[in-house]
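Let's see this in three dimensions:
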Amino acid sequence: MPTVTIRYTLPDEQAEYDAARLGSEAMQVLWQIDQTCRSLLKHGAPTEAEAALAQRIREMIPHELLEH
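Numbers count the residues shown, from 1 in each chain. From the prediction side, this is the model:
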(Lines give C-alpha, C1' and ligand atoms only; values in the text may rest on other atoms or scores of the structure.)
Protein backbone atom coordinates (compact mmCIF):
# COMPACT_ATOMS: atom_id res chain seq x y z
CA MET A 1 0.00 0.00 0.00
CA PRO A 2 1.43 3.40 -0.94
CA THR A 3 2.17 5.86 1.82
CA VAL A 4 2.74 9.60 1.75
CA THR A 5 4.91 11.60 4.08
CA ILE A 6 4.47 15.34 4.13
CA ARG A 7 6.97 17.51 5.95
CA TYR A 8 6.40 21.03 7.14
CA THR A 9 8.96 23.53 8.34
CA LEU A 10 7.47 25.00 11.49
CA PRO A 11 6.77 27.75 12.34
CA ASP A 12 7.17 29.03 8.75
CA GLU A 13 4.56 26.62 7.34
CA GLN A 14 2.24 26.54 10.34
CA ALA A 15 -0.82 27.63 8.32
CA GLU A 16 -0.27 24.88 5.75
CA TYR A 17 0.25 22.30 8.50
CA ASP A 18 -2.95 23.37 10.29
CA ALA A 19 -4.92 23.21 7.03
CA ALA A 20 -3.72 19.66 6.39
CA ARG A 21 -4.29 18.57 9.98
CA LEU A 22 -7.82 20.01 10.22
CA GLY A 23 -8.95 19.31 6.65
CA SER A 24 -11.29 16.41 7.48
CA GLU A 25 -12.98 18.42 10.23
CA ALA A 26 -13.46 21.33 7.83
CA MET A 27 -15.02 18.99 5.27
CA GLN A 28 -17.44 17.68 7.91
CA VAL A 29 -18.49 21.23 8.80
CA LEU A 30 -19.05 22.05 5.12
CA TRP A 31 -21.17 18.91 4.75
CA GLN A 32 -23.27 19.90 7.78
CA ILE A 33 -23.79 23.43 6.44
CA ASP A 34 -24.78 22.02 3.05
CA GLN A 35 -27.26 19.60 4.61
CA THR A 36 -28.81 22.32 6.78
CA CYS A 37 -29.33 24.54 3.73
CA ARG A 38 -30.67 21.61 1.71
CA SER A 39 -33.14 20.70 4.46
CA LEU A 40 -34.35 24.29 4.71
CA LEU A 41 -34.92 24.45 0.96
CA LYS A 42 -36.57 21.03 0.74
CA HIS A 43 -38.58 20.78 3.95
CA GLY A 44 -38.72 24.28 5.41
CA ALA A 45 -40.79 27.29 4.59
CA PRO A 46 -38.07 29.85 3.93
CA THR A 47 -38.79 33.38 2.87
CA GLU A 48 -37.61 34.30 -0.60
CA ALA A 49 -34.52 35.95 0.88
CA GLU A 50 -33.73 32.94 3.08
CA ALA A 51 -34.13 30.55 0.15
CA ALA A 52 -31.85 32.69 -2.01
CA LEU A 53 -29.22 32.81 0.73
CA ALA A 54 -29.41 29.06 1.40
CA GLN A 55 -29.07 28.35 -2.32
CA ARG A 56 -26.13 30.75 -2.63
CA ILE A 57 -24.37 29.09 0.31
CA ARG A 58 -24.86 25.66 -1.28
CA GLU A 59 -23.41 26.97 -4.55
CA MET A 60 -20.28 28.13 -2.72
CA ILE A 61 -19.55 24.64 -1.37
CA PRO A 62 -17.42 22.48 -3.69
CA HIS A 63 -19.70 19.43 -3.74
CA GLU A 64 -17.20 17.28 -5.60
CA LEU A 65 -15.10 17.38 -2.43
CA LEU A 66 -17.99 16.22 -0.27
CA GLU A 67 -18.53 13.07 -2.35
CA HIS A 68 -15.34 11.41 -1.07
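
Which residue lies nearest the spatial centre of the chain?
Centroid-nearest residue in the chain: Leu30, 2.8 Å away (criterion: Cα atoms, centre = their mean).

so what's that one up against?
Applying Cβ atoms under 8 Å, 6 or more residues apart in numbering to Leu30 gives the contacts Ile61, Leu65, Leu66. (Glycine included, C-beta is placed from N, CA and C.)

again, but for Glu16
Each residue near Glu16 by Cβ under 8 Å, 6+ apart is listed here: Tyr8.

again, but for Trp31
Shown in contact with Trp31 (Cβ under 8 Å, 6+ apart): Leu66.

I'd like to know how far it sits from Thr9.
Trp31 sits 32 Å away from Thr9, taking Cβ to Cβ, to the nearest Å as the criterion.

do the same with Glu25
As judged by Cβ to Cβ, Glu25 and Thr9 stand 23 Å apart.

so how far is the helix of greatest length in the chain from its chain's centroid?
Determined from DSSP state H, the single longest helix within the chain is helix 14-43. For helix 14-43, the separation from the chain centroid amounts to 3 Å (computed by Cα atoms, centre = their mean, to the nearest Å).
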